[in-house]
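[1] here you go, sequence then predicted model.
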Amino acid sequence: MDTESAPLTLESLPTDPLVLILSFLDYRDLINCCYVSRRLSQLSSHDPLWRRHCKKYWLISEEEKTQKNQCRKSLFIDTYSDVGRYIDHYAAIKKAWDDLKKYLEPRCPRMVLSLKEGAREEDLDAVEAQIGCKLPDDYRCSYGIHNGQKLVVPGLLGSMALPNHYHSEDLLDVDTAAGGFQQRQGLKYCLPLTSCIHTGLSQYIAVEAAEGRNKNEVFYQCPDQVARNPAAIDMFIIGATFTDWFTSYVNSVVSGGFPIIRDQIFRYVHDPECVATTGDITVSVSTSFLPELSSVHPPHYFFTYRIRIEMSKDALPEKACQLDSRY
């Protein structure tokens, strides 16, 4: 006897293939599935489905999940309710801060202790009202984690020391930065990110596109010394966005690219090709650009050099030598 087969419906599909399909969805689609049917709602709440999203967007570890004693879906939603507007930036910014603090704690503990608690959302809103411009979301996200640093130790953004010149850049808190917001010609709509009390050196972020700058660009400013307009400035662009600027700096620090000398980060860049070995002696050179002593017009770019001389650990004792003079 012929029997008509029952139509295939969502309700009749086995659980395992459905869960596998749901595992490929992003968090938005997974949430939407909760409103399709009772069965999809139950399957979309399956805890392992939210492991990837908790880790990808919020960096929530298994240890944190255990401590909070919540299911992953609840953890994701609770975190989203706090910092959801920053979901496109949070993981990169939070990882950079975590990596930086982990690296600096044994090397520059005072610098880590100088970091301020994160700013509140209402504080950031108040700064936007004060300057009349919206702050970039990645900037807000970072300042919600740490609101700059106390200006009492070597700066988080690096130092440089010469016999007759010294600079050290502190990361400004948002209120101090707002006080230095620029409306004048040449730096219109620019907010300082860093400050050096020794030289007045600052890095700025353009919160609006103006005067040839792209929105969110980070740069050092320098006067155009050949322009007739005294307000004209040139720029040394450091990053296309706040995230680009901050994460690239952190990567250079935590990879060991910038040496730490006397509890300070020195922004020397080492080129692996700038190494010469003669016998048991190896000489390497790294350079650092000093924007406060440089200009675009006229073209004058000031670099300082760090020369490192090492002897092989396998060298015989009688091969020991000492630098007598340099030129």
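    Received it, and whenever you're ready, just let me know what you need.
[2] going by C-alpha atoms from here, please, whenever you check contacts or count neighbours.
    Will do.
[3] list the buried ones in the lowest-mean-pLDDT helix or strand in the chain?
    Ranked by mean pLDDT, DSSP states H and E, the helix or strand of the chain with the weakest confidence is helix 62-68, at a mean of 89. For helix 62-68, the buried set under the neighbour-count rule, 16 or more other Cα atoms under 10 Å, is empty.
[4] and for stretch 176-184?
    Ala177, Ala178, Phe181, Gln182.
[5] okay, these in JSON lines with secondary structure and distance to Phe289 next?
    Listed next are the buried residues of stretch 176-184 as JSON lines, based on DSSP: H, G, I helix; E, B strand; the rest coil; distance: Cα to Cα, whole Å:
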{"residue": "Ala177", "secondary structure": "helix", "distance to Phe289": "24"}
{"residue": "Ala178", "secondary structure": "helix", "distance to Phe289": "27"}
{"residue": "Phe181", "secondary structure": "coil", "distance to Phe289": "25"}
{"residue": "Gln182", "secondary structure": "strand", "distance to Phe289": "25"}
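[6] now, among these, which is nearest to Cys54?
    Ala177 (32.6 Å; Cα to Cα).
[7] ok, what's across the strand from Met311?
    Met311 forms beta bridges with Ile281, as assigned by DSSP bridges.
[8] so it sits against Gly279, correct?
    No. Judged on Cα atoms under 8 Å, Met311 makes no contact with Gly279 at a distance of 9.0 Å.
[9] quick one, which of the two is more surrounded?
    For Met311 versus Gly279, the count of surrounding residues by other Cα atoms under 10 Å is larger for Met311: 16 against 10.
[10] quick one, phi psi at the residue lying closest to Tyr57 once chain neighbours are set aside?
    Leaving out its chain neighbours, the residue that sits closest to Tyr57 by Cα to Cα, 6 or more residues apart in numbering is Ala91, at 5.4 Å. The phi and psi values for Ala91, taken as degrees, to the nearest 10, are phi -60, psi -40.
[11] which ones are touching Ala91?
    Contacts for Ala91 (Cα atoms under 8 Å, 6 or more residues apart in numbering) come out as Lys56, Tyr57, Trp58, Leu59.
[12] count of residues packed around the first one?
    Yep, that's Lys56 we're talking about. Lys56, neighbours per other Cα under 10 Å, totals 14.
[13] three-state assignment of it?
    Assigned by DSSP: H, G, I helix; E, B strand; the rest coil, the conformation of Lys56 is helix.
[14] and the strands in the stretch 201-327 of the chain?
    203-206, 218-223, 233-239, 260-261, 264-265, 269-278, 281-289, 303-311 (DSSP state E, counting those that start in this stretch).
[15] from these, which stretch is densest packed?
    strand 203-206 (a mean of 26; mean count of other Cα atoms under 10 Å).
[16] which other helices and strands contact that one?
    Counting by 3 or more Cα pairs under 8 Å, 6 or more residues apart in numbering; DSSP states H and E, the packing neighbours recorded for strand 203-206 are strand 190-192, strand 194-195, strand 218-223.
[17] including distance to Cys108 and mean pLDDT, could the ones you listed go into CSV?
    Formatted as CSV, the helices and strands packed on strand 203-206 follow (distance: least, Cα to Cα, whole Å; pLDDT from 0 to 100):
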stretch, distance to Cys108, mean pLDDT
strand 190-192, 24, 98
strand 194-195, 19, 97
strand 218-223, 26, 94
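[18] mind putting the ones you listed in CSV, distance to Leu171 included?
    Output for the helices and strands packed on strand 203-206, formatted as CSV (distance: least, Cα to Cα, whole Å):
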stretch, distance to Leu171
strand 190-192, 9
strand 194-195, 5
strand 218-223, 13
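[19] contacts only, for the closest residue to Leu157 other than its chain neighbours.
    Take Leu157 and drop its neighbours on the chain: the residue closest to it by Cα to Cα, 6+ apart is Glu169, 5.2 Å away. By Cα under 8 Å, 6+ apart, the contact list for Glu169 reads Pro154, Gly155, Leu156, Leu157, Gly158, Ser159, Thr194, Ser195, Cys196, Leu201, Ser202.
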